[in-house]
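Enquirer: missing the sequence, but the structure's below:
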C-alpha cells in the first residue's frame, strides 16, 4: 500500500453529466498528479498540482479541471462527460523536492453510459 | 515530444525462470529518469525500479534489474526467479529531469505460470 487513497472506487455516470473524483495524498506529500488510463493502455498525464495551483497540464480539454486543498488532498472534476471519458483515473502524490518518485492510489473506475 | 514504446503486449514465463521485458523511448533530453511500474490485477501501480540517465550503472532491486542503453534509447527489465506474484501489467515510463510528468508506454502483460 502506498498511503494514497481515492474515492469512490467505482462510478457510473451518463453522457453530459459532471463528476468529481477525490484523492488523499500520502502524508507529507505536497504535489499531486492525475492520470487517465483507458482500458488496456498506459496512463496519460492530465495535470499536476503544487501549492494549490496547476503546475503542468497534459493534452486534455478545459472540461477537465482540478483543485488541491491546503491539506494537499485533491479533486479531479470532469464536466460534460463523454463516452470516451470512461477510464481508470489515477492520482499520484509526491514531494516537490523528489517529484520523480510518485506514489499511486488504487484509482477510480469511471463508466460513462 | 517524448514517446515510450513497449513492443510486447503479452508475455509468459514459467515460475522460477527469467524473463526480459523490452522498452524503447525517444527523447532529445540528455538528463531524465526511466522507470518500470507494475500494475497487478488489484490495479494499484507500484514502482519496481528507477534509473537515472546520467548513471552508467544499471539499476538493480533484488530480482529486478535493468539493461539501460542510453545511445540506443533502450531500457529493458529483467525479472529473475519469476514468482506467481509477479503476474501483472508492467509499464515502462519516462520523466524529464526537471519535469513531474510521467510518460508511459502501452504496457506488457506478464503471466507467470506454475
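Expert: Great, that's in hand. The structure displayed is predicted, hence computed values, not measured ones.

Enquirer: Count the neighbours of residue A:55 for me.
Expert: As a burial measure, residue A:55 scores 18 neighbours (other CB atoms under 10 Å in any protein chain shown). To be clear about C-beta, it is placed using only N, CA and C from the backbone, and glycine gets the same treatment.

Enquirer: Confirm for me that it is in contact with residue A:34.
Expert: No. Applying CB atoms under 8 Å, one finds residue A:55 not in contact with residue A:34, separated by 11.8 Å.

Enquirer: Give me the common contacts of those two.
Expert: Common neighbours of residue A:55 and residue A:34, using CB atoms under 8 Å, 6 or more residues apart in numbering or on different chains, are A:47-48.

Enquirer: show me what contacts the residue positioned nearest the centre of chain B?
Expert: The centroid of chain B falls nearest to residue B:36 when counting by CA atoms, centre = their mean (3.1 Å). Residues near residue B:36 by CB under 8 Å, 6+ apart: B:21, B:23, B:47-49, B:64, B:66, B:75, B:77, B:90-93.

Enquirer: which bits of chain B sit near chain A?
Expert: By CB under 8 Å from any CB of the partner chain, the residues of chain B that approach chain A are B:4, B:33, B:37, B:42-47, B:50, B:91, B:93, B:95, B:99-107.

Enquirer: Now do the contacts for the residue nearest to residue B:69 when sequence neighbours are not counted.
Expert: Excluding the flanking residues, the one nearest residue B:69 by CB to CB, 6 or more residues apart in numbering or on different chains is residue B:75, at 7.5 Å. By CB under 8 Å, 6+ apart, the contact list for residue B:75 reads B:23-25, B:34, B:36, B:51, B:66-69, B:92.

Enquirer: Residue B:75 looks like it's in a strand, true?
Expert: Yes. Membership of residue B:75 in a strand is supported by DSSP: H, G, I helix; E, B strand; the rest coil.

Enquirer: got a pLDDT number for it?
Expert: On pLDDT, residue B:75 comes in at 97.

Enquirer: likewise residue A:1?
Expert: Note for residue A:1: predicted pLDDT of 69.

Enquirer: for residue A:81, same thing?
Expert: 98.

Enquirer: count of neighbours near it?
Expert: Using other CB under 10 Å, residue A:81 is surrounded by 19 other residues.

Enquirer: Which strand runs longest in chain A?
Expert: Ranked by number of residues, the top strand in chain A under DSSP state E is strand A:87-95.

Enquirer: quick revisit: look up how far chain A lies from the residue nearest to residue B:69.
Expert: 14 Å (CB to the nearest CB, to the nearest Å).

Enquirer: Quickly note the distance from that residue to residue A:47.
Expert: Counting by CB to CB, to the nearest Å, the gap between residue B:75 and residue A:47 amounts to 26 Å.

Enquirer: does the residue of chain B found nearest chain A have beta-bridge partners, and which?
Expert: Relative to chain A, the nearest point of chain B is residue B:104 (3.3 Å; CB to the nearest CB). Beta-bridge pairing of residue B:104 under DSSP bridges involves residue B:93.

Enquirer: Appreciated, that's everything.
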